[in-house]
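[1] here is a sequence with its predicted model. Questions after.
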Amino acid sequence: MPETTAPPVGPLLRASGLTKSFRVPRSASGSTSLRALDGVDLTLDRGETLGLVGESGCGKSTLARVLLMLERPDRGTLSFDGTDPFALRGKQLLAWRRRVQMVFQDPFASLNPRLNAAELISEPWRTHRDLVPRRDRAERVRRLLEMVGLRAGDAHRYPQEFSGGQRQRIGIARALALDPDVIVCDEPVSALDLSVQAQVLNLLAELQAELGVSYVFISHDLSVVRHVADRVAVMYLGGVVETGSTEEIFTNPRHPYTAALLSSAPSPLRSDAPSRERILLTGEVPSPVDPPSGCRFRTRCRHSEDLCSRTAPPVEAVSGDPAHTAACHFPLGPASAGSGASGG
Amino acid sequence: MNALRESIHRTRPTDPAAMEVDGLSVDIRTPEGVAHAVRDVSFTVRSGRTLALLGESGCGKSMTALAIAGLLDPVADVVGGRIRLNGADLLALGASERRRLAGPELAIVFQDALTALNPVFTVGAQLGEPFRIHEGLSRRAARDRAVELMERVGIPEARSRAGAYPHQFSGGMRQRLLIAMAVALRPSVLLADEPTTALDVTVQAQIMELLRDLRTERDMALVLITHDLAVAAEHADDVAVMYAGAIVETGPIGEVFAAPRHPYTRGLLSSVPGGGRPGEPLRFIPGSPPDLRAVPSGCAFRSRCHLARERCASHRPELSGDERGRTVACHYWKEATDA
Ligand SMILES: Nc1ncnc2c1ncn2[C@@H]1O[C@H](COP(=O)(O)OP(=O)(O)OP(=O)(O)O)[C@@H](O)[C@H]1O
Ligand code: SF4
Ligand code: SF4
Ligand SMILES: [Mg+2]
């Protein structure tokens, strides 16, 4: 790369107003629309890790599929390195897709048991034929194995012969094979035992330092997110309710849902566990087929007022920090931050 | 002040036991040989307290629970031990007597509520069944009791929902139903095997709260089986840490987590994210647990232990303890805690 290239300006990836609905059967006779994403705004910088948290069904996976350019949003735009990939078709779209790869949760289910490690790692090159010249592939596989902490001798072993942590390493090598700018990690360590989890998280951090790759890191485990993420986006029922630096989100949550989520998450390192005041949410997440009017969190929010059912709260900067935003009419004061401060 | 303490921990680690497991061992016959899945496991649970049986995948937690509940697979055999529950040794009882105790004395809740509930019967009928079998209630009276139970575990509109089928409930609600079924006959011991692992954190917190309330109000002993240190820390009074089929450390959970003694417990706690500074590499235990078909002689942890020496290969460390209810199975734990 020529050294005169101007440093890229702005975020690597910017999503604005992403909205995506699916048709789902309602009864034997008809179908209805489920809004999986509802006006999601996000940015991701180069070399940054964005933690994405929220409960199941909140739209994390749909968002991941849009970022992977596998799912076209109904509304909203995606700008990736200055280009809207959804404006492209065919080969050109494929070329952009290469730049965002995925690491899955379940290293057992996500690897084809009939392919050995070398074949698994080189498989993506069958779609992206021109990326690595054929004569360089064996060497490249060897280097990828080494990068993820496996031995050259592992190239000819099959997924069944590896432990869960090793399989996750193969999954990571496979994502790296296409030299991506972004890796979407969907619960990458939640199927792993604690001590193995630590090794995989360390590996992801080393690779980021070495390659400058960005991660979108989806996890339900808040202590993991707190450890890996530079910034965090909290999702609820298809929308981002709060974003900010990891430190801000964990020590100074301003959206009532974020505070409740942090307070629900147990931590083994907390000595005050029994005496801590918990915000126990009542009820469960409403169906995205029939979301509440106004603020989507209002049916479980203990600060809800009339306004909340009438008008959807705008996303606004809180804490005087433009990077810390929340979608709430009555954001929590900084004083109540203590309730969530120990969340990780 | 004291009254408050009493209401939080109404029993102490030294109160009489609701159930005592003593030297329990389970072997599993596999095509590649016999796996010693549970090896000489002993622990005590007390009424009104929660014991976390904590360990990583495959360490034998579920096998221990299944052996206690008498629900082992045909390929698995209890090859030793005693389980004392209200004066009886469960393992000495015949199958029919054991079934009679299932429900009134001992109940178990599993992780996967959908497979544990019968899809073809309404939840009202399933929840009423224990009352019909054990208390001889009529269909109608059993149903009333079922509705009461559903209300108690927090299912909204219980009376009308009693006519619904399991798949019509959310994951969290199904887990509530399962808990209702388990506590229907007021067991003195409730085993909960990863009861919230499949659930979202906010729902997980609700379910754990429900279990805790039921435990307290019915003075049950709760055995919480989990791989999740955080869930254990938050919801248990005592902990028994398992590794490769054996218990390596026990004690009041606050004390164990604040000052772990066994090198495995220490390693496990130090690999929790959040211990060091953000951005710093996490610590981890090198290597992996042994194959249970070929457990090494002496201490099963020795291939991964930085303190291991000859004696660890020649002598199996016994669980031994102090008067505060803390026990540890390691020859050299004092050195680990000095380091
Ligand atoms: N039916 C079976 N046949 C052969 N081996 C089995 C069988 N069931 C369990 N095992 C083995 O017995 C050991 C203990 O299993 P167990 O299910 O008790 O572990 P666990 O601690 O509950 O793990 P997890 O956290 O994954 O649920 C494991 O090595 C497991 O592979
Ligand atoms: S807008 Fe109202 S209902 Fe929504 S989170 Fe804020 S206070 Fe709660
Ligand atoms: S007995 Fe020996 S090998 Fe086992 S944990 Fe203790 S020091 Fe380590
Ligand atoms: Mg289990």
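    That came through, no problem. Ligands and ions are numbered 1, 2, ... in the order given.
[2] where does the prediction get shaky in the stretch 151-300 of chain A?
    By pLDDT under 70, the weakly predicted segments of the stretch 151-300 of chain A are A:269-277.
[3] what is the neighbour count of the residue in it positioned nearest to ligand 1?
    Of all residues in the stretch 151-300 of chain A, residue A:193 sits closest to ligand 1, at 8.4 Å by CB to the nearest ligand atom. C-beta: built from backbone N, CA, C; applies to glycine. Residues lying near residue A:193 (other CB atoms under 10 Å in any protein chain shown) number 23.
[4] quick one, what contacts it?
    A:164, A:165, B:56, B:57, B:227 (CB atoms under 8 Å, 6 or more residues apart in numbering or on different chains).
[5] check which helix or strand the fourth one maps to.
    Yep, that's residue B:57 we're talking about. According to DSSP states H and E, residue B:57 maps onto no helix or strand at all.
[6] pretty sure it sits against residue B:242.
    No. Using CB atoms under 8 Å, residue B:57 makes no contact with residue B:242, being 11.1 Å away.
[7] near ligand 3, which residues of chain B show up?
    Neighbours of ligand 3 within chain B, by CB under 6 Å from any ligand atom: B:263, B:299, B:301, B:302, B:305, B:307, B:308, B:312, B:317, B:330, B:331, B:332.
[8] and the buried ones among those, selectable in ChimeraX?
    Those of the residues of chain B next to ligand 3 that count as buried under 16 or more other CB atoms under 10 Å in any protein chain shown are selected in ChimeraX with:
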select /B:263,299,301,302,305,307,308,312,317,330,331,332
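[9] dump the residues of chain B next to ligand 3 to CSV, plus secondary structure, distance to ligand 2 and pLDDT.
    Listed next are the residues of chain B next to ligand 3 as CSV, based on DSSP: H, G, I helix; E, B strand; the rest coil; distance: CB to the nearest ligand atom, whole Å; pLDDT from 0 to 100:
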residue, secondary structure, distance to ligand 2, pLDDT
B:263, helix, 46, 96
B:299, coil, 53, 97
B:301, coil, 48, 97
B:302, helix, 53, 96
B:305, coil, 50, 95
B:307, coil, 51, 95
B:308, coil, 54, 96
B:312, helix, 56, 97
B:317, coil, 53, 97
B:330, coil, 50, 97
B:331, coil, 56, 97
B:332, coil, 54, 96
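[10] pull the most distant pair out of the contacts of residue A:193.
    Farthest-apart pair in the contacts of residue A:193 is A:165 and B:227; separation 14.8 Å (CB to CB).
[11] more crowded one of these two?
    Shown here are residue A:165 and residue B:227; by other CB under 10 Å, residue A:165 has more neighbours (22 against 19).
[12] quick one: contacts for the more buried one?
    Contacts of residue A:165 (CB under 8 Å, 6+ apart): A:192, A:193, A:196, A:197, A:199, A:200.
[13] repeat that with 10 Å
    Residues near residue A:165 by CB atoms under 10 Å, 6 or more residues apart in numbering or on different chains: A:107, A:149, A:189, A:191-193, A:195-200, A:203, B:284, B:288.
[14] so which of those sit within helices?
    Among the contacts of residue A:165, the members found in helices (DSSP state H) are A:195, A:196, A:197, A:198, A:199, A:200, A:203.
[15] for the third one, give me its contacts.
    Counting by CB under 10 Å, 6+ apart, residue A:197 touches A:164-165, A:168, A:188-191, A:221, A:224, B:271-273, B:282, B:284.
[16] buried only: go through these for me.
    By 16+ other CB under 10 Å, the contacts of residue A:197 give A:164-165, A:168, A:188-189, A:191, A:221, A:224, B:271-273, B:282, B:284 as buried.
[17] from residue A:228, how far out is the residue nearest to residue A:265 when sequence neighbours are not counted?
    The shortest distance from residue A:265 to any non-neighbouring residue, by CB to CB, 6 or more residues apart in numbering or on different chains, is to residue A:222 (4.4 Å). Applying CB to CB, to the nearest Å, the value for residue A:222 to residue A:228 is 11 Å.
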